[in-house]
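Colleague: Here is a sequence with its predicted model. Questions after.
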Amino acid sequence: MKLIVINGPSLAALGTREVEVFGKKDYDFLCQQIVKKAAASNILIEIYQSNHEGDIIDRIHQSYADGTTGIIINPAAFAHYSYAIYDALMSVPIPKVQVHLADLNTREEAWRHQNVIGPACNEVIMGRGYDGYLDAIDYMIKNNAEYTAEEIVKAQEGSESCNMSDKERLTLEEAKKAEERKKMVEK
Ligand code: DQA
């Protein structure tokens, strides 16, 4: 299994930002926890952080093409309004888990109660602090079905809601290549 963790804006500032909400442990600590858990579970993991919406969207598309089998995403404030990230997630037929450190529903600002990304994900975990990411890995271990190239192509055809252009759709040949790469990585 090959996972990517995508962290959105200002998450690299953990440890100093809003410590009363997120605590004093820094971003490196979070990354170490994730890497340790993945290593112990025999999972290949990449952690990507960006403050830019377009870069996050590009990384979502790329991760699918490079044989990644699951996406764990904390879109940070994009959770509240980025339909573009919602569309990008809908366009990749692999399991997705959305993670938030804090419980969005109990935050003071009303705009944080809206989560437009959630419906594009298989699971939403919030309010568990850094452990939420480890829970997301556990979710992937339990639910990360290994898709065959044929299943991926079929899933694309069946998903009318993702507005994929023909260019974005993987052909069977491309999906098979991704499958091969995935097998090589897992060896
Ligand atoms: C957050 C919640 C968001 O509302 C906020 O903008 C963040 C962090 C969380 O993990 O709790 O940046 O995604």
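Modeller: In hand now; what should we look at? Please read these numbers as outputs of a predicted model, since none were measured by experiment.
Colleague: all contacts plus neighbour counts: C-alpha atoms, from now on.
Modeller: OK.
Colleague: quick one, strands of the protein?
Modeller: Taking DSSP state E as the criterion, the chain carries its strands at 2-7, 44-49, 70-74, 96-100, 123-126.
Colleague: Quickly check: the last one near the ligand or not.
Modeller: No: Strand 123-126 lies out of reach of the ligand by CA under 6 Å from any ligand atom, never closer than 7.1 Å.
Colleague: C-alpha coordinates for that strand, CSV please?
Modeller: C-alpha atoms of strand 123-126 as CSV (Å, rounded to 0.1, in the frame of the first residue of the first chain):
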residue,chain,number,x,y,z
GLU,A,123,-14.3,9.0,5.9
VAL,A,124,-13.9,12.2,7.9
ILE,A,125,-11.9,12.1,11.1
MET,A,126,-11.9,15.3,13.3
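Colleague: got a list of contacts for that strand?
Modeller: Identification of contacts with strand 123-126 by CA atoms under 8 Å, 6 or more residues apart in numbering yields 96-104, 118, 132, 135-136.
Colleague: Now do that strand: distance to the chain's middle.
Modeller: Relative to the centre of its chain, strand 123-126 is centred 11 Å away, using CA atoms, centre = their mean, to the nearest Å.
Colleague: Number the chain from 3, please
Modeller: Fine by me, first position is 3 from now on; the one you just mentioned is strand 125-128.
Colleague: Quick check: buried residues in that strand?
Modeller: For strand 125-128, burial by neighbour count (16 or more other CA atoms under 10 Å) applies to E125, V126, I127, M128.
Colleague: That strand pairs with which strands, parallel or anti?
Modeller: strand 98-102 (parallel) (DSSP bridges).
Colleague: ok, the partner strand near the ligand or not?
Modeller: Yes: for strand 98-102, a contact with the ligand is found by CA under 6 Å from any ligand atom, at H102.
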